[in-house]
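S.K.: coordinates only, sequence not included:
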């Protein structure tokens, strides 16, 4: 009888060990999926600068962004209602949604769109990647949050990297000043959007915020598209030249990539997930080169590396140190609902 109890205890112990191993293996598989989701999202957002440049050859930026929002909204609506993820939006919050949508997608995509049309995908992605660096500075000015030494170092290093990106072998600036100004405007608008977003994230889920903002953004763009078509007519008839990259922008960049990023963000947290955003300029450079859209020079390679190093440096203190410059406003930006 005693021997039977011992055998039974050994069996229970063996089953417990096997269960632990299975749980550990399952946990490793989930971790793998989380990191894979983050990388795939960055690939899509890196490609967004390439796809946008391709569409701009046929459509003006306002028409492109409007149609992109239409595609993204249709896709998002189908997903939200198919999986019953939709939330009811209260009327008293529509004004706040309207303000946030004015910043992004409306103003942000106008600045980014015309910036990309007057520069290159690589330069555009590198400048836009500096948004998380500007956020702590805005938080210091408007919200009196502390600015850490690593925030300052990261900003300076990345700024130097952008300058290197703009130079050729004769140390002359190759990018259009107008394009740089537009992209700079996109950075400023994104920070303003983050401030307006703080309250919304406490009221609704990120996917709901994105969905409502896209709908309001489309309404903002309708009169602008009509006006701009008079001054800068688009070649809508050449649908074969832009339909594929346009659909890719709406589905993969504005919907699928966001869903993957939200999944990675929820599992990794702001600091760890935001590290993946440093890969966007790298992927943009790789795809621009492979698709023969842009020539890669030594200055561009060095500039990309320096920008990424600056971004990483700016996040090191937030990850290991106290919560100061990476406080509320910065965290809101790390969870931006319409990244690209």
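M.R.: Alright, I've got the coordinates. On a predicted model such as this, the values are computed, not experimentally measured, just so you know.
S.K.: now residue 222, nearest residue through space, not along the chain?
M.R.: Nearest non-adjacent residue to residue 222, counting by C-beta to C-beta, 6 or more residues apart in numbering: residue 66, 7.2 Å away. Just so you know, the C-beta spots here come from the backbone N, C-alpha and C atoms, and that holds for glycine as well.
S.K.: report the contact partners of that neighbour.
M.R.: If a contact means C-beta atoms under 8 Å, 6 or more residues apart in numbering, then residue 66 has 218, 221-222, 224-225 as its contacts.
S.K.: same deal with residue 167?
M.R.: Shown in contact with residue 167 (C-beta under 8 Å, 6+ apart): 173-174, 299.
S.K.: now with 10 Å?
M.R.: Counting by C-beta atoms under 10 Å, 6 or more residues apart in numbering, residue 167 touches 173-175, 297, 299-300, 302-303.
S.K.: rebuild the residues you listed as JSON lines, extending it with neighbour count and secondary structure.
M.R.: Compiled in JSON lines, those are given as follows (neighbours: other C-beta atoms under 10 Å; DSSP: H, G, I helix; E, B strand; the rest coil):
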{"residue": "173", "neighbour count": "12", "secondary structure": "strand"}
{"residue": "174", "neighbour count": "16", "secondary structure": "coil"}
{"residue": "175", "neighbour count": "21", "secondary structure": "coil"}
{"residue": "297", "neighbour count": "15", "secondary structure": "coil"}
{"residue": "299", "neighbour count": "17", "secondary structure": "helix"}
{"residue": "300", "neighbour count": "25", "secondary structure": "helix"}
{"residue": "302", "neighbour count": "14", "secondary structure": "helix"}
{"residue": "303", "neighbour count": "25", "secondary structure": "helix"}
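S.K.: quick one on the thing from earlier: nearest to residue 72, of the contacts of residue 66?
M.R.: Residue 72 lies nearest to residue 218 out of the contacts of residue 66, by C-beta to C-beta, at 9.4 Å.
S.K.: which SS class is that closest one?
M.R.: Three-state call for residue 218 (DSSP: H, G, I helix; E, B strand; the rest coil): helix.
S.K.: could you give me the ChimeraX syntax to select whichever of the contacts of residue 66 are buried?
M.R.: Selection of the buried residues among those in ChimeraX, burial being defined by 16 or more other C-beta atoms under 10 Å:
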select :218,221,225
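S.K.: residues contacting residue 288?
M.R.: Contacts of residue 288 by C-beta under 10 Å, 6+ apart are 46-47, 49-50, 53, 120-122, 125, 294-296, 300.
S.K.: what do you get if the cut-off is 6 Å, keeping everything else the same?
M.R.: 50, 121-122, 294 (C-beta atoms under 6 Å, 6 or more residues apart in numbering).
S.K.: can you give the distance of stretch 112-121 from its chain's centre?
M.R.: Centroid displacement of stretch 112-121 relative to its chain, using C-alpha atoms, centre = their mean, to the nearest Å, is 16 Å.
S.K.: ok, residues contacting that stretch?
M.R.: 49-50, 52-53, 56, 61, 65, 124, 175-176, 178-179, 182-183, 186, 284, 288, 294.
S.K.: go on, stretch 227-238?
M.R.: Taking C-beta under 6 Å, 6+ apart as the rule, stretch 227-238 contacts 58-60, 62-63.
S.K.: again with stretch 254-268
M.R.: 34, 37-38, 40-41, 44-45, 72, 75-76, 206, 273.
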